[in-house]
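Colleague: Here you go, sequence then predicted model.
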Amino acid sequence: MRDCNRRIIAPSILASDWSRLKEEIERADTAGADWLHLDVMDGHFVENISFGPQLVAAVRPHTETTLDVHLMITRPDKYLPMFVEAGADRITVHVEADHDVSATLREIRAAGLQAGLALNPVTPIEKVFPFLDEIDLLLVMTVVPGFGGQSFMEKETMPKVAAAREFRDANNLDFHIEVDGGIELETVEIAAAHGANVMVAGTSLFRAPDMAGAISKMRGS
Ligand code: DX5
Ligand code: ZN
C-alpha cells in the first residue's frame with residue numbers, strides 16, 4: 001500500500017521562469033520538492049495553451065524527481081505515447097475529456113507508469129467512482145483549469161475531496177488524493193483536513209522569495 005497520509009508537495013512549473021527552466025527545476029529540487037507537476041494545455045480542452053511532450057522531455061534529464069504530468073487535453077489517448085516517451089512518471093487524464101477513460105488508464109499502466117484521473121470543479125465526484133480501482137492518483141481540481149494564480153474554490157471542491165477519501169477508505173482502495181489550483185499556506189491545511197495528501201502549487205512556490213521555506217511550511221514541518 002502506498003502512504004496516502006504522507007504530505008507530498010509538487011511545485012507546478014507553469015509559474016516558473018521558462019527562460020531559465022533548467023535552473024528553476026534545480027531550484028525546486030534543492031528546495032525539497034517531492035514531485036514536479038507539469039501542466040499540459042491544448043487550447044481546446046482548456047482556454048490556454050502551455051506546452052507539450054517536447055518540454056517534458058527537456059525537463060527529464062535535469063531531475064530525478066517524479067514527473068507528475070497533468071494532461072488538460074481533449075484526446076489524451078491519442079498523445080499518450082508521446083508523453084510516455086518523454087519520460088513522464090505519472091500521467092493524469094481528465095474524466096471529462098473525449099476518450100474511453102478505462103482504456104486510457106489501462107494503457108498508462110501497461111506502459112509502466114502511474115495513472116491519475118482528474119475532475120473539474122463542476123464535475124460531480126460520482127463521475128469518477130467507476131474508475132477509482134484503476135488509478136494511482138485522483139486529482140480534484142480546486143480551480144477551473146487553464147491558468148495559474150486563481151483562487152481556491154473551497155465550497156465547490158472540498159466536499160468532493162472528503163467524499164473521495166470516504167469512498168477510498170470504505171472500499172479499501174489505494175490512491176493519492178491531489179489538489180491543484182490556489183494552493184498556499186492557508187488552503188493547503190483546508191485541503192489536508194478534507195483528505196488530500198498531494199499539494200500542487202505554482203504561484204505560491206515559484207514566486208516565493210524562499211522556496212525551501214515555503215515548501216517546508218506547506219509540508220507542515
Ligand atoms: C491550473 C493548473 C495548475 C496551476 C496551479 O490550470 O492545472 O497546476 O499551475 O497554479 P497556482 O498554484 O498558481 O494556482
Ligand atoms: Zn495541474
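Modeller: Arrived safely, thanks for sending. Residues are numbered from 1 along each chain as shown. Ligands and ions are numbered 1, 2, ... in the order given.
Colleague: contacting residues for residue 22?
Modeller: Each residue near residue 22 by CB atoms under 8 Å, 6 or more residues apart in numbering is listed here: residue 62. For glycine as for every other residue, the C-beta is placed from the backbone atoms N, C-alpha and C.
Colleague: what's the offset of the strand or helix carrying residue 109 from the middle of its chain?
Modeller: Counting by DSSP states H and E, the element that carries residue 109 is helix 101-110. Centroid separation between helix 101-110 and its chain, computed with CA atoms, centre = their mean, to the nearest Å, is 17 Å.
Colleague: elements contacting it?
Modeller: Applying 3 or more CB pairs under 8 Å, 6 or more residues apart in numbering; DSSP states H and E, we find helix 101-110 packed against helix 76-86, strand 90-94, strand 114-119.
Colleague: The longest one to strand 114-119, inter-axis angle?
Modeller: In terms of direction (axes from the mean of the first three to the mean of the last three CA atoms, to 10 degrees), helix 76-86 departs from strand 114-119 by 140 degrees.
Colleague: contacts for the helix holding residue 109?
Modeller: Taking CB under 8 Å, 6+ apart as the rule, helix 101-110 contacts 76-77, 80, 84, 91, 93, 95, 114-115, 117, 130-131, 134-135.
Colleague: Stretch 144-155 too?
Modeller: Under the criterion CB under 8 Å, 6+ apart, residues 12, 14-15, 39, 41, 46-48, 72, 120-122, 142-143, 180-184, 187, 190, 202-203 lie in contact with stretch 144-155.
Colleague: In helices, which of the residues you listed fall?
Modeller: Residues from these lying in helices, with DSSP state H as the criterion: 187, 190, 203.
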